[in-house]
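A.B. asks: with the input below, show me the fold.
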Amino acid sequence: MIKVKHPLADCNQIQEATIKQLPQEQQHFNELQYSYGNAAYRYHQLAEQHEPTDQDFKEWLDGLPENIRKDMEAKGFESYRNVLGFSRYVNEKNDLGMEEYVRELMGQEEYTAYKNMLEPKATNAYPKEEDSNSEFDSPNSDNAEYKT
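C.D. replies: As a prediction, this is how the structure comes out:
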């Protein structure tokens, strides 16, 4: 079941229908993915409640690389009012962090399950030096040479 619903009923119906068509082993991950995405969508919509201003826009632009900032300045506040980066800036300026908001809507258990599913499995590309039976020194050592 998708815990966090999309604000648009049509989207909810499409998401639920999509989940039902998936193999059982894929359903839970996709339910979590939809919940996270729906919560993030709702989070970005909240920025309008803070009534972003041209001053907010200018402050946000100050943190961007110069080439991007100049282009956005030329197009103006109204053109970028609904850009995700700007809406996140507005929300965070008003003490509403995205991850905290999403976690609150999803619940800690589902939020953690989703984040854990995204993390790649840790691999140990290089053995620890003390455990190494390699023919080479550790690639991180200062004198990485072939052993003879």
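A.B. asks: need the three-state assignment for residue 61.
C.D. replies: helix (DSSP: H, G, I helix; E, B strand; the rest coil).
A.B. asks: that one touches residue 67, doesn't it?
C.D. replies: No - between residue 61 and residue 67 there is no contact under C-beta atoms under 8 Å: 12.0 Å. For every residue, glycine as well, the C-beta is placed using N, CA and C.
A.B. asks: which of those two has more residues huddled nearby?
C.D. replies: Neighbour totals were compared for residue 61 and residue 67, and residue 61 leads with 17 against 8 (other C-beta atoms under 10 Å).
A.B. asks: if I look at the more buried one, how far off is residue 74?
C.D. replies: From residue 61 across to residue 74, the span is 11 Å (C-beta to C-beta, to the nearest Å).
A.B. asks: next one: residue 36
C.D. replies: Residue 36 is 34 Å from residue 74, by C-beta to C-beta.
A.B. asks: those two: which has the busier surroundings?
C.D. replies: Neighbours of residue 36 and residue 74, each counted by other C-beta under 10 Å, are more numerous for residue 36; the result is 21 against 8.
A.B. asks: which residues outside the helix or strand harbouring that one are in contact with it?
C.D. replies: According to DSSP states H and E, residue 36 maps onto helix 24-45. For helix 24-45, contacts defined as C-beta atoms under 8 Å, 6 or more residues apart in numbering pick out 1-7, 11, 15, 18-19, 22, 84, 87-88, 91, 96, 98, 101-102, 105-106, 110-111, 113-114, 117.
A.B. asks: got a quick PyMOL command for the buried subset of those?
C.D. replies: What follows is the PyMOL syntax selecting those of those that are buried according to 16 or more other C-beta atoms under 10 Å:
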select buried, resi 2+3+4+5+6+15+19+87+88+91+96+98+101+102+105+106+110+111+113+114
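A.B. asks: burial of the closest residue to residue 77 other than its chain neighbours, as a residue count?
C.D. replies: What sits nearest to residue 77 in space, not counting adjacent residues and going by C-beta to C-beta, 6 or more residues apart in numbering, is residue 57, at 4.3 Å. Residues lying near residue 57 (other C-beta under 10 Å) number 22.
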